Structures are given as structure tokens and as C-alpha cells.
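# take this sequence and fold it.
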Amino acid sequence: PPHPLEAAFPVDVLPHRLGLPDRPLVEALVRPPLRVAGGRVTASAGDALPEPVARAVARVRAEYADRPFQAPEAHRLAEWGLGPRELGAAVRAGELLRLADTVVLLLSAVAVADRVLAGLPQPFTLSAARQALDTTRRVAVPLLELLDRRGVTRRLPDDARSVVSPPP
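You can find the predicted model right below:
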């Protein structure tokens, strides 16, 4: 890979590096254990993170497991060694969920949010969601936008939202 934190090669650079005519040919040649995902050729779904990044992610997991909607502040992430590249690697490895540049949550947050929001009187406001999730606007706004994009919630014309289908 081009950098130790890059777990994969961008498919678009491989034709040139391999002396092949185009991207479709590169994709056609990819065979297990390699795969194409997110525009990159990678070795597996669970590419290992460098040890310092894995330790930092474990720290986030340990400190925020019981409060999944309290995203660590940017300065805390930096103290733990999670700068932009490290966060990107953790997100690509499926270890963290990025809501905004320096707003990250544990992956389980989406499923938990779905259950919590389904328990609210429908439709609900941003304020009601923020209170039910015990979080801040900094987290609630991008989280609700993500849930809207994923079809978990639907934003209504008056900016209220409703859960599209309650969790099982």
C-alpha cells in the first residue's frame, strides 16, 4: 500500500502501476484473497490496523462503550494518536463510524440509535432525539442525517423525523 495506514490500493492508480490499459481490467483480475471494495483493492474485510492505532481504537471502545453517543472531542482523539489519517484507517477497517471530520462513534451506535429513536413518540424533534440519546447537537445532527441517508429515519417537511420501520 502507498502508506502504512492505507490498507488498500486505490483501483484508479493500479492500471498505471501495473502497466494495464484500464480499471475494468484491474477489477477483472482481482481474485481472493484480494477483493475490490470502496474503490480500493484490499486483502480482506478485516485488514489489521497498526498497533498504535488499534490501541487507540480500543481506548475509544473502552471509554465510550457505556455512552455510545458521547463522541470524543478532537483534542482527546489527538492525545490518543488518532489524527485524520489514523481515523480514516480505523473507519476503513470497520472499527469506528465517522459522522463528521472529527466526530466518530462506535459502530454499534447506529443500531442503538434505531432502537432508542423507535421508542420515542413519532414524529420526534432533533431536541427530543438529542435528549433520548444523551448527546450533543455536534453528534445528534450528523447522526440523524446518517440515519436519514440509510433509510432508518425520514425527515419530514417541518424538520421532525420518524423512524421508518421499528427494529425487531
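
# ok, the most centrally placed residue in the chain to Ser108 distance?
For the chain, Leu97 is the residue whose C-alpha lies nearest the centre (C-alpha atoms, centre = their mean; 2.4 Å). Leu97 sits at a distance of 9 Å from Ser108 (criterion: C-beta to C-beta, to the nearest Å). (Each C-beta comes from the backbone N, C-alpha and C, glycine too.)

# cool, and Ser162?
Counting by C-beta to C-beta - Ser162 and Ser108 are separated by 22 Å.

# sorry, back to before: okay, and the residue nearest to the centre of the chain sits in which element?
Element membership for Leu97, per DSSP states H and E: strand 96-100.

# in that strand, what counts as buried?
Neighbour counts over strand 96-100 (16 or more other C-beta atoms under 10 Å) mark 96-99 as buried.

# just the CA trace of that strand, in PDB.
The C-alpha coordinates for strand 96-100 follow below in PDB (Å, rounded to 0.1, in the frame of the first residue of the first chain):
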ATOM      1  CA  LEU A  96     -15.300   3.300  14.000                       C
ATOM      2  CA  LEU A  97     -18.100   5.200  12.400                       C
ATOM      3  CA  ARG A  98     -17.300   8.700  11.100                       C
ATOM      4  CA  LEU A  99     -20.200  11.200  11.300                       C
ATOM      5  CA  ALA A 100     -18.100  14.300  10.500                       C
END
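
# paired strands for it, with orientation please.
Its sheet considered, strand 96-100 pairs with strand 103-106 (antiparallel) by DSSP bridges.
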